[in-house]
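Trainee: sequence? don't have it. structure:
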């Protein structure tokens, strides 16, 4: 049962709040331990990276000074730091993937139970909670993207903060001017990427997810109704429909490619300048003998890491836009399922010996259209062994009446009585579950 906790705040915050409110204490404990271990590994591995960059500079300076003992000690320490960093980075990736899988497993199971419970999948398809396209993709691809990419972004953020603190200290010890230039350079670049490319690429990514899902849905429909299409010789229409859906995919992806080209040009030019700037700023002090040659290596490593930390939005922009689109789509279906849960059931159902309908009035859903009355104040009852045939032209409300009696229609008023031992309703399109004949 969904909780009414995700109506305000950022969509990702609502999804996380949703987990912490609905998960069991054991599940929350598992997630807390995973987050603590992931945070610890990220911080320690980033600290080792700071030490490795310092030792690399010492290693180069020992070579330049032609000091064998200093070179041997720096080499041993340098190799030790590299081995420790490799182990910690591997463990960090393992814990991150396990944490993302834990969240995905819980969220998928919970949303599936709510999506398939109380016939909410039907109400969602009918549009009673707003227009939700391709719920199958939202419950599979978007859940996967949100859970796994969120864990990755969290890891990158922890590492960036730790590296920023450590390498700022390194760079300040070498050059205050270089540090000030770097901070200004990174802030300006992040602002340009966010304001100019951010909103556009997020919208394009969201639209691409929708069009890809529509194209895939059309192909699935051809597979499921292949015999009917073959009997009716409808392959020409199926091909035209598939081409039209794919044309929409290509058109939107062309927009994405054009904007991605602009972002790539900005990112590459923005990053390539950092390869030469530290050397240019420090060159006068090195040429004058004020700094050792190893300081260039240290400053270059510190400059690169600080730039990556401050320019997280620029460097991870494509990943972040895809994540933002999936977060928004997943948040929409969670809120729609919540709205369906809170929607009142005006048509009352009760158990009795016979089938009866008392003062039943049915309306069309008024979300996207003007409300219309389909059935007005209808009453009848059937005793045992009695039959009732409902006739009328197409669109008069015959199917709506059957849906109301079976509990599939929610907009209206009245009372429906069904036998205590249940009733069997046959849909217009029969369905066989995916599984064995016994199932």
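Mentor: Looks like it arrived, so ask away. On a predicted model such as this, the values are computed, not experimentally measured, just so you know. Numbers count the residues shown, from 1 in each chain.

Trainee: name the residues of stretch 206-215 that are buried.
Mentor: 206, 207, 208, 209, 210, 211, 212, 213, 214, 215 (16 or more other Cβ atoms under 10 Å). Where C-beta positions appear, they are placed from N, C-alpha and C, glycine not excepted.

Trainee: wait, I meant stretch 89-96
Mentor: The neighbour-count check on stretch 89-96 (16+ other Cβ under 10 Å) flags 89, 92, 95, 96 as buried.

Trainee: again, but for stretch 238-258
Mentor: Neighbour-count burial for stretch 238-258, counted by 16+ other Cβ under 10 Å, picks out 238, 245, 246, 248, 249, 252, 253, 256.

Trainee: from the chain's centre, how far out does that stretch sit?
Mentor: Between the centre of stretch 238-258 and the centre of its chain there are 23 Å (Cα atoms, centre = their mean, to the nearest Å).

Trainee: average model confidence for that stretch?
Mentor: Per-residue pLDDT over stretch 238-258 has a mean of 91.

Trainee: ok, residues contacting it?
Mentor: 201, 204-205, 207-208, 211-212, 214-215, 218-219, 222, 229 (Cβ atoms under 8 Å, 6 or more residues apart in numbering).

Trainee: repeat that with 7 Å
Mentor: Contacts with stretch 238-258, where a contact means Cβ atoms under 7 Å, 6 or more residues apart in numbering, come from 204, 207, 208, 211, 212, 214, 215, 218, 219, 222, 229.

Trainee: quick one: which of the residues you listed sit in helices?
Mentor: Here DSSP state H is the test, and the contacts of stretch 238-258 give 204, 207, 208, 211, 212, 214, 215, 218, 219, 222, 229 as lying in helices.

Trainee: and the second one, what's its pLDDT?
Mentor: In the prediction, the pLDDT value recorded for residue 207 is 87.

Trainee: quick check: the gap between it and residue 257.
Mentor: From residue 207 across to residue 257, the span is 14 Å (Cβ to Cβ, to the nearest Å).

Trainee: distance from the strand or helix carrying residue 278 to the middle of the chain?
Mentor: Residue 278 is located in helix 277-287, with elements delineated by DSSP states H and E. Remark: helix 277-287 is offset 44 Å from the chain centroid, using Cα atoms, centre = their mean.

Trainee: which intervals of the stretch 201-350 of the chain have sub-threshold pLDDT?
Mentor: 291-298, 300, 307-315, 317-318, 344-345 (pLDDT under 70).

Trainee: quick one: residue 105 from residue 325, how far?
Mentor: Per Cβ to Cβ, residue 105 is found 22 Å from residue 325.

Trainee: those two: which is more packed in?
Mentor: Using other Cβ atoms under 10 Å, the more surrounded residue of residue 105 and residue 325 is residue 325, with 22 against 13.

Trainee: secondary structure class of that one, three-state.
Mentor: On the three-state scheme (DSSP: H, G, I helix; E, B strand; the rest coil), residue 325 is labelled helix.

Trainee: in this structure it contacts residue 205, no?
Mentor: Yes - between residue 325 and residue 205 there is a contact under Cβ atoms under 7 Å: 4.2 Å.

Trainee: check contacts around residue 400.
Mentor: Going by Cβ under 7 Å, 6+ apart, residue 400 touches 362, 374, 375, 409.

Trainee: and residue 103, by the same measure?
Mentor: Neighbouring residues of residue 103 by Cβ under 7 Å, 6+ apart: 19, 147.

Trainee: if we use 8 Å, what do you get?
Mentor: Listed by Cβ under 8 Å, 6+ apart, the contact partners of residue 103 are 19, 31, 147, 150, 151.

Trainee: doesn't residue 356 belong to a helix?
Mentor: No - counting by three-state DSSP, residue 356 is not found in a helix; it is strand.

Trainee: and for it, the neighbour number?
Mentor: Neighbours around residue 356, by other Cβ under 10 Å: 18.

Trainee: bridging residues for it?
Mentor: Beta-bridge partners recorded for residue 356 (DSSP bridges): residue 381, residue 417.

Trainee: for residue 349, see how far away it is.
Mentor: For residue 356 relative to residue 349 (Cβ to Cβ), the value is 11 Å.

Trainee: quick one: common contacting residues for those two?
Mentor: 415, 416, 417.

Trainee: export the residues you listed to a markdown table and tack on distance to residue 56?
Mentor: Putting the shared contacts of residue 356 and residue 349 into a markdown table (distance: Cβ to Cβ, whole Å) gives the following:
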| residue | distance to residue 56 |
| --- | --- |
| 415 | 80 |
| 416 | 77 |
| 417 | 81 |
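
Trainee: can you give me the strands for the stretch 301-439 of the chain?
Mentor: Here the stretch 301-439 of the chain has its strands, by DSSP state E, counting those that start in this stretch, at 347-352, 355-363, 373-382, 412-419.

Trainee: got those strands as TSV, with distance to residue 321 columns?
Mentor: Putting the strands of the stretch 301-439 of the chain into TSV (distance: least, Cβ to Cβ, whole Å) gives the following:
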stretch	distance to residue 321
strand 347-352	44
strand 355-363	41
strand 373-382	44
strand 412-419	43
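
Trainee: and those strands: which comes nearest residue 131?
Mentor: Closest approach to residue 131 among the strands of the stretch 301-439 of the chain (Cβ to Cβ): strand 355-363, 19.2 Å.

Trainee: contacts for that closest one next, please.
Mentor: 347, 371-382, 397, 400-401, 404-405, 409, 411-419, 423.

Trainee: between strand 373-382 and it, find me the angle.
Mentor: Angle between the axes of strand 355-363 and strand 373-382 is 170 degrees (criterion: axes from the mean of the first three to the mean of the last three Cα atoms, to 10 degrees).

Trainee: give me the residue at the spatial middle of this protein.
Mentor: Centroid-nearest residue in the chain, with Cα atoms, centre = their mean: residue 146, separated by 2.9 Å.

Trainee: that one touches residue 330, doesn't it?
Mentor: Yes - under the criterion of Cβ atoms under 8 Å, residue 146 makes contact with residue 330 at 5.4 Å.

Trainee: the residue nearest to the centre of the chain sits in which helix or strand?
Mentor: Applying DSSP H and E as the criterion places residue 146 in helix 143-174.

Trainee: and that helix, how far out from the chain middle?
Mentor: 20 Å.

Trainee: also stretch 231-248?
Mentor: What separates the centre of stretch 231-248 from the centre of its chain is 30 Å, taken as Cα atoms, centre = their mean.

Trainee: tally up the residues packed near residue 404, please.
Mentor: Applying other Cβ under 10 Å, we find 25 residues neighbouring residue 404.

Trainee: residue 125 too?
Mentor: Residue 125 has 10 neighbours, counted by other Cβ under 10 Å.

Trainee: residue contacts, it?
Mentor: Here residue 125 is in contact with residue 135 (criterion: Cβ under 8 Å, 6+ apart).
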